[in-house]
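J.: model the structure of this input:
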Amino acid sequence: RIKGIDLLLSAWHIIEHQGFRLVIIGDSLEAADIRRQFADAGDVDWLGPQPREVTMAEVRRSRWLVLPSRWYEGFPVVIAEALQQGTPVLVSNHGCFPEIVEDGNNALLFPANDIPGLARTLSLAMALESTPWEAFSDSARQLYRSRYSSDVNYRRLIEIYSAAQGPRP
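T.: Residues are numbered from 1 along each chain as shown. The predicted model follows:
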């Protein structure tokens, strides 16, 4: 439950889906219990564990990636992968998340562990018209390219190594 899938499903249960489907990829020790608890959840596709290429294809097709984690995570790679695909993210406003993405630009933040807050954010995300959503998507790709791409990170790593070596004699 540290990833907050139960929060997401609880929020999903109380909102209008507006023609959207919730796609859940992955597995956990609690997955069977959560599936039983939310067996009546409408418009939910439970895909379970998937190969990386299937997961990335789903992320590319998705309008948003939702990570409702309760946990104070370091840097969830799934966020960078979503941004790379131009998929904006919905994440809680605690831990690293506000530092990784830009609320209202390439992400929407919601109060951590807050089902009604997540429900409001999901509704807002689904109600967003195409043009504003495309701006979110473009911003997501740009953020990835400017901060998280392998080229940017390689250059930064070389700068750090160079600084650690100190001045050359």
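
J.: C-alpha from now on. contacts and neighbour counts both.
T.: Fine.

J.: check the spacing between S62 and T55 real quick.
T.: 10 Å (C-alpha to C-alpha, to the nearest Å).

J.: what's the overlap in contacts for these two?
T.: Shared contacts of S62 and T55, defined by C-alpha atoms under 8 Å, 6 or more residues apart in numbering, are absent.

J.: what about R156, which SS state?
T.: Under DSSP: H, G, I helix; E, B strand; the rest coil, R156 falls in the helix class.

J.: count of residues packed around it?
T.: Using other C-alpha atoms under 10 Å, R156 is surrounded by 13 other residues.

J.: ditto for A32
T.: By other C-alpha under 10 Å, the residues close to A32 number 11.

J.: off-centre distance for the least confident helix or strand in the chain by mean pLDDT?
T.: One helix or strand of the chain scores below all others by mean pLDDT, DSSP states H and E: helix 31-37, with a mean of 81. Computed by C-alpha atoms, centre = their mean, to the nearest Å, the chain-centroid distance of helix 31-37 equals 21 Å.
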